[in-house]
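Asks: next come a sequence and a model predicted from it.
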Amino acid sequence: MIQIFFTIVLFAGSGAALWKGRLDERITASVLLLAAFLSPLVAGEFAVPEVGVLMVDSSLLAFLIGLALVSDRFWPMWAAGFQIVGTLAHLARFVDGSIWPKAYMTFEAFWAYPVLAALGIGTWLEARFRSR
């Protein structure tokens, strides 16, 4: 059920960004869709640190930090900050192997929602600003 909800949120947020956003929003939506597609392909059972998902998350983080450094918008800084926290979930699992796999998976996946929210709010504000 949570996967269906995430898919709806992902496609709604990315679709809005692709439809109403400028270049920053459109590229970010495409990168988020790619990351969401790749993550399940490289994920395991989260019983051990997920190196494949860490690589996808780190690549997304590098993109968002790069975007935040060159963009004239404010939302990429928020998105990068949220992605940093999500990526640190992997570090926590490396440091403490006693973290329950379900807690690790939930903590790591949760931070995709604020990243999508930052993109959605940024797209909405950008579209609203341009319509004036």
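Replies: Noted; the coordinates are in hand.
Asks: report pLDDT for residue 132.
Replies: Listed pLDDT for residue 132 reads 66.
Asks: I meant to write residue 75 there.
Replies: 96.
Asks: which residue is the nearest non-sequential neighbour of it?
Replies: In this structure, residue 75 finds its nearest non-sequential neighbour in residue 122, 2.9 Å apart by CB to CB, 6 or more residues apart in numbering. All C-beta spots, glycine's among them, are computed from the backbone N, C-alpha and C.
Asks: run a quick neighbour tally on that neighbour.
Replies: Using other CB atoms under 10 Å, residue 122 has 23 other residues around it.
Asks: same question, residue 55
Replies: Using other CB under 10 Å, the number of residues around residue 55 comes to 14.
Asks: show me the contacts for it.
Replies: Going by CB atoms under 8 Å, 6 or more residues apart in numbering, residue 55 touches residue 42.
Asks: from residue 9, how far off is it?
Replies: Remark: distance between residue 55 and residue 9 (CB to CB, to the nearest Å) = 23 Å.
Asks: do the same with residue 61
Replies: Taken as CB to CB, the span from residue 61 to residue 9 is 20 Å.
Asks: ok, residue 106 next?
Replies: On the measure of CB to CB, residue 106 and residue 9 end up 16 Å apart.
Asks: same check on residue 31?
Replies: Residue 31 sits 16 Å away from residue 9, going by CB to CB.
Asks: before we move on, the earlier item: so what's the residue nearest to residue 75 up against?
Replies: 21, 25, 73, 74, 75, 76, 78, 79.
Asks: please, a PyMOL command that selects the buried ones among those?
Replies: Those of the contacts of residue 122 that count as buried under 16 or more other CB atoms under 10 Å are selected in PyMOL with:
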select buried, resi 21+25+73+75+76+78+79
